[in-house]
Structures are given as structure tokens and as C-alpha cells.
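Q: only the shape, not the letters, is given here:
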């Protein structure tokens, strides 16, 4: 769940994989072979569930309510108009509200953590009536998938080079694999220590040749994690490739209309040239990875004049597959705050945080500076807390907060983090700030966060599927990590571009949309507003400003008001600075030249990396800490 992750957590998670990925120990091959025999692309896949899914039925009988899913039936608690049930062995929960007028029950399914992920998620479920005193709806949990690609290639000196690609968590960045070696009948995977670059054996295993290459098998045992991975050779249609091994010439296809509120148009109708986008896919997306640091783009979407005009997915991703947005979902928090304010809550940017949370029961020993902390301070990462996500010594650091077990209530934990400066004085990137806004929202409205999100964001934006990751206390984590369908998350950018509306529905005020996406302060050498970033690009002899939601791995929803344009990228380069190539290179070199069909032969220059431009200096990392998350659901 965290932006940043310590080594012990990786060990814990990999230990959990032992029962899932092959055998507990590596076997010795019965025939001799050369290390070169393993050259090629290998893959290992696993789906960890969760188990419960399908129709959820709630029935009211004489004197009691019952809930049933996947053959399990339990009694339901019904205080007031709420419906609540918890299935045995922690397999799942449902919490909803009965709307008698609509004769439906609208709520959320809470799925448990899996062996691969320590996060629980809340997803929307609406139960519709299908007979007297009976309601039914579909539970579609987030599938916890895990894929490893091992790429082995011949070196000029006879070595077999190797690297690991993991689209789910980008594990290969942490293992830093270098090569494969043969020792007797065993295979060794050699790499380097992440911290001091000391060479070490990462895994040992066996190669078992089949009757033909497609039947070859490779097992590798990682002693550091006590887990074995069983690999088979990837075929030409493997998702290791963006569009298959031999994709052929790229051909643009107009996006498919869906029941999600997006109007559809073609590139030509929107005044966008296809040529630069075709070049982007064929020269950047299509080429197979030669390094763990190569871009791993999962999806690209473009909307202009309020219509979706470009939508393509790669490496097995699709419009129906939810994507982790990491810290890009922080921008959702700002949008939710603005929506709650716009719809009548007793809340404003000047509302005191501690007064709202504690009321008249403010602790007598509270730091006086905390009394002055406002909602706007949290929105602008300027709370004053000692909580820099880059600093592992900071008690409010996201990794520190989520790693400790003494206080599972992350709101309470944050409220007790010591101050490092006065509120509003020094902005510091700190995920605890937007998360604490969740507590402010629920106190100001007396409503659960999941209900607020569903009513103020999901319902008016016609969003039917999403997955809110939950804190140990069951509260949606507002610091990032929400899984969205790609078209749905892109709507946040369109709302801001529209001045706060979506298809005629007012989500936030026009003033909120303007201020939230404005360059209000400098944070990490970028311009920052209310949890939205800003940068500028040269375009056709002038400068255009862009605002964006950005997240670890290459998650991007960007709006460019002067061009009436929204762009979304989704990628898997988690915890790798190469992700900034999207903002710094791909947008100015391929997206902007396509708008209004300027000549693709003269791409725009890269944006400046000066403090005046608001872009980070080369070598600086916007969202990645000293030991970022890999297997866990990191947000940064």
C-alpha cells in the first residue's frame, strides 16, 4: 500500500509466494546443457484471487435478513436502513444502505488481503430488486495477478545477460539481475545488491529441456525469499510484447462507445494527426524491452473538445482491466474535498484541521502550531509535519507510518506526528497530508468516506468500477493507490478542464477547478496546486501550461487548457525514474506535435528543466524514495 518499502517487507511478501509459485526446492536436471540453452524470454504467472465473487443476494424473510454469495449464507445486520454482513474466515464483507424509493441497496464489497498483497479493497456493489424482499448484485473483486518475465540474451563475451520484468510491481528494479550462469547441472541468477552494488547469487535452479523448445521448463529458487518460480517459454503472443512479437504496422481505430459517459470522436474530427501517435507506438511502445529500465507503457488515451478520440492498450491491459494509479489518486482527494465544499458542507480551505477533528476535546498538550493548520495546508503539502516521504527518519514518512503497528489508526498517528515548521511555511511531499483530509471530510459530513466518494465522485462521473485501498481501520486511504478503469480515471482531468463539470453535472466549482490546477507553490522543483502538478511546454512559438495528476510507475492524467486536451498514460515502471520520460519526452515529442496537425517532421523541443519552467532538475526524483515499494501497493 505504500509509496516506499523496506527490504523486510519484500522478504515477507515473497515468503508468502512459496505455496503459490511452483515447488519449495529446485530439482537437479537429468541431462547436461549449456547456459546458452536458456536464452530467450520466459514467463511465470499467478492469480491469487480473492475467492469470493459473483452474485450477492440479500433476502428479507420473517424476522431476519440473509445474505448469500458463492454458496455461503449468513445473517445480515440491519440497524436503521443500513445493511451489513461479514462472511466467515475473513473472506469478504458487504456494507450498504437501503434506498426504499429506488428499491435498491447501494454499498461496497470489502475484499480481504491476499497472499501477495497486504491491502484490502472496497469496490462498489448495487443490489437491485428482483422480486419481493429480494435484492441481487454482482461482486467483482480486484484480481491479484502476478507475472514475471525473465529475459536472457547472449553477450559478446559468451555470457548470458538477464533481467526480470514484472508489470504488476516492477520487482526487477529491486533484484537488479545481471546474468545467468551454469554450474554443473544447475543455473544461477547473478545480480547486485540494491544498496552497495555487491555482486551476489539471487537464485539457483534447473533447466529442463522438452521435446521441443516450447516444452522447455526453467525453475529458479530465490533463497532470499524462500520461493521457487516455475517458468515456461513465452510465445509470440505473450504479454511481454506490447502488441505481440510481430505486431505489424499500427492502424488507428476510433475508440469504442461505452456506457460510461464519454462522447466518442475520431482523431480527424478532433484536429489531431495520426502520424505522430503511430510513430510513438511503433518506435517507443512496440520494441521489446532490452532492459528492466525500458518504458513499460500499458495504455494511452487522448480526449479533445470533451470527446475521447484515442484509446490503445498494451501488454495485455485493456479498458476493462483496473490499473493502479499510485499517487496520481491524490488528485482525487482534492477533487472530493472541492465537491464536498461545493455541495454545502460546513467546510472551506480555511477550516482548522484539529478543531474539525477534535471539536472541543483538543488535547491540552497539542503543539500550538497544529491549531493553526488548515485544510488548504494539507491540500498544498504544507502542514508543517515532520513527514517528508523521502526521509526515512521522518516519523510521518508514509513508509514509517504504514510499517509501524503500535497505532493502526493512521489518522490518529498523523495527528501526533511532531512539527518541523509552521503550517504553510515549507511544502514537503508527504502522503499523510492528503490522507488526513479523509478524517476531516468524514468529521465535517458525518458520512463514511466510501459513501462520500460514491455519491460525490463515482455516481455523477458515471464510474461503476473502482477499488479503494483501505487502511487497517477500514478507511479508504486518500494518499493514493486507487485502482480505476483507465477511461474513468481520465475523467478527473476532463472535469478540471471543463471548469468543474462532467456532462452537465457540477462536481466542483469553477473557482475550485481553476485554483486546484494552478501553480500555487514550488514543490520538488515543480509547480504545485491542490494536489495537482503543473508544468509548461513550448508549442508553436508560444508556451502552454499543463496540469497533471502523476503517480509512481508512469501514471499520468494531464490537461492542457489552451488546447482543450486531456491525455492519460498508464505504465508499469514503478519506483524507476525512467517514468519521467513520459512527461519530459513523450508528451512534447509525440502528443503535442499531433494537435491541429503540425508537421511531425519537426517535433517540439523538450520542456526546460529549470526552476522557471517548474520542471525537476535532471537526476531528481519526484515520487520515488530510497527503497520504494515493489510487491506492495505503493502509491508514490
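A: Sure thing, it's come through. Since we're looking at a predicted model, the values are computed, not measured.
Q: burial count for residue 549?
A: Applying other CB atoms under 10 Å, we find 29 residues neighbouring residue 549. Every residue, glycine included, has its C-beta placed from N, CA and C.
Q: again, but for residue 120
A: 23.
Q: mind listing what it touches?
A: Residue 120 makes contact with 110-113, 469-470, 474, according to CB atoms under 8 Å, 6 or more residues apart in numbering.
Q: run the last query once more with 10 Å
A: Shown in contact with residue 120 (CB atoms under 10 Å, 6 or more residues apart in numbering): 1, 50, 90, 92-93, 110-114, 142, 467-472, 474.
Q: which residues does it bridge with?
A: residue 470 (DSSP bridges).
Q: so residue 127 touches residue 94, yeah?
A: Yes - the criterion here is CB atoms under 10 Å, and residue 127 meets it with residue 94 at 8.6 Å.
Q: could you pull out the strands for the stretch 251-400 of the chain?
A: 263-264, 297-304, 307-313, 323-324 (DSSP state E, counting those that start in this stretch).
Q: got a markdown table for those, with mean pLDDT too?
A: Below are the strands of the stretch 251-400 of the chain laid out as a markdown table (pLDDT from 0 to 100):
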| stretch | mean pLDDT |
| --- | --- |
| strand 263-264 | 98 |
| strand 297-304 | 98 |
| strand 307-313 | 98 |
| strand 323-324 | 98 |
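Q: I'd like the distance between residue 587 and residue 504.
A: Noted for residue 587: a distance of 29 Å to residue 504, by CB to CB, to the nearest Å.
Q: before we move on, what about residue 253?
A: Taking CB to CB, one finds residue 253 at 28 Å from residue 504.
Q: comparing those two, which residue is more hemmed in?
A: residue 253 (10 against 7).
Q: how many neighbours does residue 93 have?
A: Residue 93, neighbours per other CB under 10 Å, totals 18.
Q: give me the neighbour count for the nearest residue to it once chain neighbours are set aside.
A: Spatial nearest neighbour of residue 93, chain neighbours left out: residue 110 (4.0 Å); criterion: CB to CB, 6 or more residues apart in numbering. Counted with other CB under 10 Å, the neighbours of residue 110 add up to 21.
Q: secondary structure element for residue 110?
A: Element membership for residue 110, per DSSP states H and E: strand 104-111.
Q: point out the other helices and strands that that strand packs with.
A: strand 54-61, strand 82-87, strand 92-99, strand 120-129, strand 134-139, helix 449-453, strand 466-470 (3 or more CB pairs under 10 Å, 6 or more residues apart in numbering; DSSP states H and E).
Q: for the host helix or strand of residue 45, packing partners?
A: For residue 45, the host element (DSSP H and E) is strand 40-47. When contacts are defined as 3+ CB pairs under 10 Å, 6+ apart, strand 40-47 packs onto strand 145-154, strand 160-165, strand 217-222, strand 227-233.
Q: looking at the last one now, give me its mean pLDDT.
A: This means strand 227-233. Taken as a whole, strand 227-233 carries a mean pLDDT of 90.
Q: now do that strand and strand 217-222, the angle between them.
A: Interaxial angle, strand 227-233 versus strand 217-222 (axes from the mean of the first three to the mean of the last three CA atoms, to 10 degrees): 150 degrees.
Q: helices or strands up against strand 227-233?
A: Using 3+ CB pairs under 10 Å, 6+ apart, strand 227-233 is in contact with helix 7-16, strand 40-47, strand 145-154, strand 199-208, strand 217-222.
Q: so what strands line up beside that strand?
A: strand 40-47 (antiparallel), strand 217-222 (antiparallel).
Q: picking that back up, now the strand holding residue 45: how far from the chain's centre is it?
A: 22 Å (CA atoms, centre = their mean, to the nearest Å).
Q: buried stuff in it?
A: 41-44, 46 (16 or more other CB atoms under 10 Å).
Q: could I get these as TSV with pLDDT and distance to residue 389?
A: Shown next, in TSV, are the buried residues of strand 40-47 (pLDDT from 0 to 100; distance: CB to CB, whole Å):
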residue	pLDDT	distance to residue 389
41	97	35
42	97	35
43	97	33
44	94	32
46	85	30
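Q: how about the helices in this structure?
A: 7-16, 172-175, 274-280, 330-342, 353-358, 368-371, 375-379, 398-403, 410-415, 432-445, 449-453, 486-497, 510-516, 581 (DSSP state H).
Q: could you say what helices and strands the longest one packs with?
A: Contacts of helix 432-445 with other secondary structure elements, assessed using 3+ CB pairs under 10 Å, 6+ apart, are made with helix 330-342, helix 353-358, helix 375-379, helix 398-403, helix 410-415, helix 449-453.
Q: who touches residue 299 in this structure?
A: By CB under 10 Å, 6+ apart, the contact set of residue 299 is 311-315, 317-319, 321, 323, 486-487, 490, 568-571.
Q: and the helices and strands packed on strand 227-233, which one averages the lowest pLDDT?
A: helix 7-16 (a mean of 43).
Q: and the pLDDT at residue 36?
A: Confidence at residue 36, expressed as pLDDT, is 83.
Q: what is the neighbour count of it?
A: For residue 36, using other CB under 10 Å, the count is 13.
Q: ok, now residue 509?
A: Residue 509: 18 neighbours (other CB under 10 Å).
Q: got the contact list for it?
A: 338-339, 341-343, 499-501, 515-516.
Q: filter those residues down to the buried ones.
A: 338-339, 341-342, 499-501, 515-516.
Q: may I have the beta-bridge partners of the residue nearest to residue 93?
A: residue 93, residue 122.
Q: hmm, residue 57 is touching residue 125, no?
A: No - assessed by CB under 10 Å, residue 57 is found out of contact with residue 125, at 11.4 Å.
Q: need the overlap of contacts for these two.
A: Any residue near both residue 57 and residue 125 by CB under 10 Å, 6+ apart counts here, and that gives residue 137.
Q: per-residue pLDDT, residue 277?
A: At residue 277, pLDDT is 98.
Q: measure it to residue 520 for me?
A: 33 Å.
Q: kindly report the same for residue 142.
A: Applying CB to CB to residue 142 and residue 520 gives a distance of 34 Å.
Q: which one's more surrounded, those two?
A: residue 142 (22 against 19).
Q: just the buried ones from the contacts of residue 120?
A: Buried, going by 16+ other CB under 10 Å: 1, 50, 92-93, 110-114, 142, 467-471, out of the contacts of residue 120.
Q: out of these, which is nearest to residue 65?
A: Here the nearest of those to residue 65, counting by CB to CB, is residue 93; it sits at 14.8 Å.
Q: residue 76 is in contact with that closest one, correct?
A: No - Residue 93 is not in contact with residue 76 according to CB under 10 Å; the separation is 11.1 Å.
Q: save the strands paired with strand 227-233 as CSV, and put in distance to residue 378 too.
A: Converted to CSV, the strands paired with strand 227-233 look like this (distance: least, CB to CB, whole Å):
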stretch, distance to residue 378
strand 40-47, 38
strand 217-222, 41
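Q: so which of the ones you listed is nearest residue 257?
A: Nearest to residue 257, of the strands paired with strand 227-233 and by CB to CB, is strand 40-47 at 30.0 Å.
Q: would you mind getting the angle between that closest one and strand 145-154?
A: 170 degrees.
Q: which non-adjacent residue is nearest residue 445?
A: Once flanking residues are discounted, residue 445 sits nearest to residue 345: 5.3 Å by CB to CB, 6+ apart.
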